[in-house]
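Asker: What follows is a predicted protein model with its sequence.
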Amino acid sequence: MENPVLESAYWITERSKHVSIDKDSVKRLAAEIVSSKSQGLCNTAVWGSHELNPSTPDETTADWVFVVDILNFSFWYDDGTPVIVEYRGRVWSGYWSLVAAINKALDSGIPITTPSYYATITDETMAAVFASPSGRLCPLLKERAAALRDAGCWLMAEYDGTFRNVVQSCERDAVRLASLLGESLSSFSDRGVYEGRPVVFYKRAQICVADLWASHNGEDIGSFDNIGSITVFADYRVPQALALKGVLRYSETLLAKLNTAGEGGLLEPGCPMEAEIRGVCIAAADMVARTAGETAALVDFYLWDWVKTLPEEALTVPMHRTRGIYY
Ligand SMILES: Nc1nc2c(c(CN[C@H]3C=C[C@H](O)[C@@H]3O)cn2[C@@H]2O[C@H](COP(=O)(O)O)[C@@H](O)[C@H]2O)c(=O)[nH]1
């Protein structure tokens, strides 16, 4: 199955005004990916090496991945500070605050990855699950609870209450599974219009497939015949990583907007600049992946893990911030 996300990405790239691709940097990053692979830094085993990720898959891992990726968005407050959750004596921030909250709930006996449970989860329970030492509610908490309930009801109604059945229905076709999620669940329906043409990004649908694949090392429920057809996941970190690597070039107007004090990179959902950052990111990473002979999923994980190691002062290109439930 052709990936509609890649088609959208190249269509945007051909028309983009504020984001362009530096071909020499594409080659340089591809060479870096090739050498990182030889050092064992670019493979599915890295996924399970993260302290909060399941290190070895079992029959609950697919449901764990699905719930994490239903909730995998918008971990920043309007003042720019990250969401934080305390777990195992440490404070976890951003995306890791989500994984900490899920694991903490499971440790405390809340079956938050069980579809029959989260199909009726209340907003109050969600607030308790995401309790933060900051004392602040996680942004879009009601939307997170609604997304869980919607997905849980969908699994109960159509797939006998387990995410494994959804995966198996797609017969090892990664693009088909991502498109199924994007078309079946409104919270995964990550799409827009750019210069009058409908475009799709499907960030959480695609990262769900890639997390399933990586968590199972490409075996069992995580085996796909076309994982190479999945694009990178257009979040707010990987575009920043590609810009820091010189692969993405932002216009002066866009940089001025991202550097506006106070509003710190706030972009309206669906605005052309947002679509260009996300679309050109996907197309540029596709060029890197093809040049490196690597899957975009592993290029993505490599870039995301890399940018998360950088100290604040190294983030000389700000991330863009668009409030929403899609990334
Ligand atoms: N493209 C892409 N986006 C990713 C991830 C991950 C985490 N994946 C981990 C699991 C295995 C991998 O090896 C990674 O260690 C989270 N996100 C997105 O980032 C944002 C959160 O950022 P911050 O607030 O700074 O933590 C938010 O949009 C979230 O949806 C990824 O891998 N790729």
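Answerer: Good, I have the coordinates.
Asker: Buried residues, stretch 216-231. List them.
Answerer: Burial within stretch 216-231, assessed by neighbour count using 16 or more other CB atoms under 10 Å, is assigned to 216-217, 221-222, 224, 227-231. Any C-beta I mention is one placed from the backbone N, CA and C, and that applies to glycine too.
Asker: Over to stretch 245-260?
Answerer: By neighbour count with 16+ other CB under 10 Å, stretch 245-260 contains the buried residues 245, 247-250, 254-255, 257-258.
Asker: Next, the distance between the ends of it.
Answerer: Start-to-end span of stretch 245-260 (CA to CA, to the nearest Å) is 22 Å.
Asker: how about TSV for the buried residues of stretch 216-231, with distance to the ligand added?
Answerer: As requested, the buried residues of stretch 216-231 are exported to TSV (distance: CB to the nearest ligand atom, whole Å):
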residue	distance to the ligand
His216	13
Asn217	13
Ile221	17
Gly222	13
Phe224	17
Ile227	14
Gly228	16
Ser229	16
Ile230	11
Thr231	10
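Asker: And the residues you listed, which is closest to Asp78?
Answerer: Of all the buried residues of stretch 216-231, Asp78 sits closest to Thr231, with 29.3 Å by CB to CB.
Asker: Let me know the pLDDT of that closest one.
Answerer: The score at Thr231 is 98. That number is its pLDDT.
Asker: what's the answer for Asp286, then?
Answerer: 98.
Asker: so what's the backbone phi/psi at it?
Answerer: phi -60, psi -40 (degrees, to the nearest 10).
Asker: Surely it touches Ala9?
Answerer: Yes: counting by CB atoms under 8 Å, Ala9 is a contact partner of Asp286 at 6.9 Å.
Asker: more crowded one of these two?
Answerer: More crowded of Asp286 and Ala9, by other CB atoms under 10 Å: Ala9, with 27 against 21.
Asker: quick one: the more buried one is in a helix?
Answerer: Yes: per DSSP: H, G, I helix; E, B strand; the rest coil, Ala9 lies within a helix segment.
Asker: ok, back up a step: can you redo the buried residues of stretch 216-231 as CSV, where the extra columns are secondary structure and distance to Leu185?
Answerer: Shown next, in CSV, are the buried residues of stretch 216-231 (DSSP: H, G, I helix; E, B strand; the rest coil; distance: CB to CB, whole Å):
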residue, secondary structure, distance to Leu185
His216, coil, 22
Asn217, coil, 26
Ile221, helix, 19
Gly222, helix, 20
Phe224, coil, 20
Ile227, helix, 21
Gly228, helix, 24
Ser229, helix, 21
Ile230, coil, 18
Thr231, coil, 19
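Asker: Out of those residues, which is nearest to Ile21?
Answerer: Distances from Ile21 to the buried residues of stretch 216-231, taken by CB to CB, are shortest for Thr231, at 14.5 Å.
Asker: and Tyr196, how many neighbours?
Answerer: Slight slip there: residue 196 is Gly, not Tyr. Other residues close to Gly196 by other CB under 10 Å number 5.
Asker: Val67 reaches Ala101, doesn't it?
Answerer: No: applying CB under 8 Å as the test, Val67 and Ala101 come out as separate, 10.6 Å apart.
Asker: residues making contact with stretch 288-300?
Answerer: With CB atoms under 8 Å, 6 or more residues apart in numbering as the test, stretch 288-300 has contacts from 26-27, 29-31, 33-34, 37, 42-44, 207, 210, 213-214, 227-228, 230-233, 238, 247, 285-286.
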